[in-house]
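>>> Dropping a prediction and its sequence here:
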Amino acid sequence: MPTEHVKLGFLDRLRQMIGKQAPHTWARDVGIGKSTFDGIWNKGAQPQLRTLLKIAWKTDISLSWLLTGKGSSRITDNALAKPSKKTIAQHTKMKSYILTPSQSGVAIGDSTQGGINEQQVDFLAFTTTWITQEMKLDPEELALVIVQGDSMSPTLNPGDLLLFDRREKQISNDGIYVIQQDSNLIAKRLQRGLDGSVIVKNDNHAYETQILQSKEVNNLKIVGKVRWTGQRV
């Protein structure tokens, strides 16, 4: 049966990834619970979103390769090789999931840091129901970036993952937005003033608040609005 073939293929790749290390030791190091791992390892269960997130954050294994067998097994070798949604559906039966790509070659951080961070993960899986029905988002307009810098701490911390909606390039209401400054992407809390100005806030009070006057607002390049954050534990 096709489903059984997919399960076996996934398990084969998982075994290859774990190598000679004791499977349950590997799972513990990654942060996967024993019962969850037993379901995957012994019963061929499809990993849940939280499990895929942990694998992505704790290893350099490409989830594209792990789920489909396509491309390089290492993220660093496969940063630009993203599978099409048609390929994902054919090889993994993941119709109940949406695969959201990370932004290649960018990071969320403080403009004073300079430089561009390399891509950390190639994509992550979110349930279709959660994205489209609960969050009311368009899967085609979503992207992920990784936080770098502490200007938005304690709300956003280095290593956190941000899911942002690229449709929202204007300040519809107060919130955390992704803005582009030179070659960096920066997450800031934006608030529109009554006089047409925009207040750029940092949740870390060690950083100063900036006020952009109405004539300066046109130079503000908003990439999208943050709709979800995932944190390392």
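All right, it came through fine. Remember, predicted model here, so these are calculated numbers, not experimental data.

>>> mind exporting stretch 181-200 as CSV, just the C-alpha atoms?
Provided in CSV are the C-alpha atoms of stretch 181-200 (Å, rounded to 0.1, in the frame of the first residue of the first chain):
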residue,chain,number,x,y,z
GLN,A,181,16.5,47.9,6.9
ASP,A,182,19.3,47.7,4.4
SER,A,183,20.2,43.9,4.1
ASN,A,184,18.6,43.0,7.5
LEU,A,185,15.1,42.1,8.6
ILE,A,186,14.2,43.5,11.9
ALA,A,187,11.2,42.7,14.2
LYS,A,188,9.8,45.8,15.9
ARG,A,189,6.6,46.8,17.6
LEU,A,190,4.9,49.4,15.5
GLN,A,191,2.2,51.8,16.6
ARG,A,192,0.5,54.5,14.4
GLY,A,193,0.2,58.0,15.9
LEU,A,194,-2.8,60.2,15.5
ASP,A,195,-0.7,62.7,13.5
GLY,A,196,0.3,60.1,10.9
SER,A,197,3.6,59.3,12.6
VAL,A,198,4.8,55.7,13.5
ILE,A,199,6.2,54.8,16.9
VAL,A,200,8.9,52.1,16.6
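
>>> In terms of helices and strands, where is the spatially most central residue of the chain?
What sits nearest the mean C-alpha location of the chain, by CA atoms, centre = their mean, is residue 144, with 3.8 Å. Using DSSP states H and E, the element containing residue 144 is strand 142-146.

>>> any idea of the angle the helix or strand just after that strand forms with strand 142-146?
Proceeding C-terminally, strand 142-146 gives way to strand 161-165 as the next helix or strand, assigned by DSSP H and E. Angle of strand 161-165 versus strand 142-146, following axes from the mean of the first three to the mean of the last three CA atoms, to 10 degrees, is 150 degrees.

>>> What pairs with strand 161-165, parallel or antiparallel?
Using DSSP bridges, strand 161-165 pairs in its sheet with strand 142-146 (antiparallel), strand 221-230 (antiparallel).

>>> quick one, which of those strands is nearest to residue 43?
strand 221-230 (26.6 Å; CB to CB). No exception for glycine: its C-beta is placed from N, CA and C like everyone else's.

>>> just checking, residue 17 touches residue 61?
Yes. With contacts counted by CB atoms under 8 Å, residue 17 reaches residue 61, the gap being 5.3 Å.

>>> Quick check: the residue nearest to the centre of the chain touching residue 160?
No. At 10.7 Å, residue 144 and residue 160 do not qualify as touching, with contact defined as CB under 8 Å.

>>> Please identify the buried residues of stretch 129-142?
Neighbour-count burial for stretch 129-142 flags 131, 137, 142 (criterion: 16 or more other CB atoms under 10 Å).

>>> hang on, the last one packs against residue 168?
To tie it back to what came earlier, the one meant is residue 142. No. Using CB under 8 Å, residue 142 is not in contact with residue 168; the gap is 11.1 Å.

>>> Can you verify my assumption that residue 29 contacts residue 55?
No. Look at residue 29 against residue 55 with CB under 8 Å: they stay out of range, at 11.1 Å.
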